[in-house]
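**Student:** need a structure here:
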Amino acid sequence: MTGEHTLEIRDLHASVAGKEILKGVNLTLKSGELVALMGPNGSGKSTLAYALAGHPKYTITRGSVKLDGKDLLAMTPDARARAGLFLGFQYPVEVSGVSLSKFLWTAYTQRPGNEEPDSDKFGEELNQHLGYLGLDSSFLKRPLNEGFSGGEKKRTEVLQMATLHPVFSILDEPDSGLDIDAIRSVGETVAKLNLPGTGILVITHYQRILKYIRPDRVHVMVEGVIALSGGRELAEELEGKGYDWVKIGVAPTPPSST
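**Tutor:** Alright, predicted model coming up:
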C-alpha cells in the first residue's frame, strides 16, 4: 500500500483483568515516519501494542483509534491486519506444522491487492530480505519459530514485516534478548523498511537499537500516558539520566539549532 496514511490515537484507556493500564494515550503516527516509544517496565508500552492489534486480553474502556479516518477499534483483529496494521511480538509464538515460507505466502496472499500474487516477485523480495537479516534460506523450510533462538525469532518477525508491506508496523521490543550483531542487523533492516508509504513504531527500553534506526521522533510513556516527546536526542538523554527524571516532570534539553 502506498500514499499517505495516518494512525490517530486519542484519549485511549485500556485495562487488563480489570486493572487500568492505559490512562489516556494520545499519539499520532504518519506514514514515512519511524517513531520510538520508550519507557520503564510496566508503563503500558506493550499494552498499547496489543490493544491496537485487538488482543482479547486487553479491554478498551475509552478513547478512539482511527486508521486513515476509519474506526480501527470496530474492526476484528484479522480485519485490522488486512487494513495494514502489523504487530511484531516481543515473544513470538511457535507454530508446529506450518513452515515459515508457507506462513509468509499465505499471509501475503491475504493482503488487499494481492489477489493474483506474483510468486516470482515474492521469492525475489523474500531472498533479498533474508540477506538483510543474515538468515539462511533453510529457515523457510522450518516450522514457524520452532527451535529458533531468541535472535532468530526477532529476525523472523522483521522478515514478516518486510514481506507483508504493512501500512503501520508496531515492533514490540525487537531488541530484547539480542546480542550486538543481531541488534545491528535488525535495526539496519528496520531502517531500510522505513519507506514513504509506511509508518513504524518501535517499542524499546534502551537507546542501543535507536542508533541504527535513527527515529524521527521519540515518545516516553510513564504510568499509562505519553509523558514526554522530543527528537532522537531525547533517547540519548534518557540513556544518561534514566526514567525517574521524567516522572517528576523535568523537561528535555531543547534540540540544537545546528
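
**Student:** tell me the mean pLDDT over stretch 71-89?
**Tutor:** Summarised as a single mean, pLDDT over stretch 71-89 is 93.

**Student:** just stretch 106-118 next, same as before
**Tutor:** For stretch 106-118, the per-residue pLDDT averages 76.

**Student:** what ranges do the strands span in the stretch 1-150 of the chain?
**Tutor:** Here the stretch 1-150 of the chain has its strands, by DSSP state E, counting those that start in this stretch, at 6-16, 19-30, 34-38, 58-67, 70-71, 85-88, 95-99, 143-144.

**Student:** Which of those sits closest to residue 241?
**Tutor:** Closest to residue 241 of the strands of the stretch 1-150 of the chain is strand 34-38 (CB to CB; 12.1 Å). Backbone N, C-alpha and C define where each C-beta goes, glycine included.

**Student:** Can you list the neighbours in contact with that closest one?
**Tutor:** 29, 45, 48, 190-191, 194, 199-205, 210, 213-221, 232, 235, 238 (CB atoms under 8 Å, 6 or more residues apart in numbering).

**Student:** would a markdown table of the strands of the stretch 1-150 of the chain with distance to residue 105 and mean neighbour count be doable?
**Tutor:** Formatted as a markdown table, the strands of the stretch 1-150 of the chain follow (distance: least, CB to CB, whole Å; neighbours: other CB atoms under 10 Å):
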| stretch | distance to residue 105 | mean neighbour count |
| --- | --- | --- |
| strand 6-16 | 27 | 18 |
| strand 19-30 | 28 | 17 |
| strand 34-38 | 27 | 24 |
| strand 58-67 | 25 | 16 |
| strand 70-71 | 27 | 10 |
| strand 85-88 | 16 | 23 |
| strand 95-99 | 9 | 12 |
| strand 143-144 | 12 | 19 |
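
**Student:** so where's the stretch 1-150 of the chain shaky on pLDDT?
**Tutor:** For the stretch 1-150 of the chain, residues meeting the criterion pLDDT under 70 lie at 1-3, 112-115.

**Student:** For residue 58, list the residues it contacts.
**Tutor:** 14-16, 21, 47, 50-51.

**Student:** now those residues in JSON lines, with distance to residue 119?
**Tutor:** As requested, those are exported to JSON lines (distance: CB to CB, whole Å):
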{"residue": "14", "distance to residue 119": "40"}
{"residue": "15", "distance to residue 119": "44"}
{"residue": "16", "distance to residue 119": "41"}
{"residue": "21", "distance to residue 119": "43"}
{"residue": "47", "distance to residue 119": "38"}
{"residue": "50", "distance to residue 119": "33"}
{"residue": "51", "distance to residue 119": "35"}
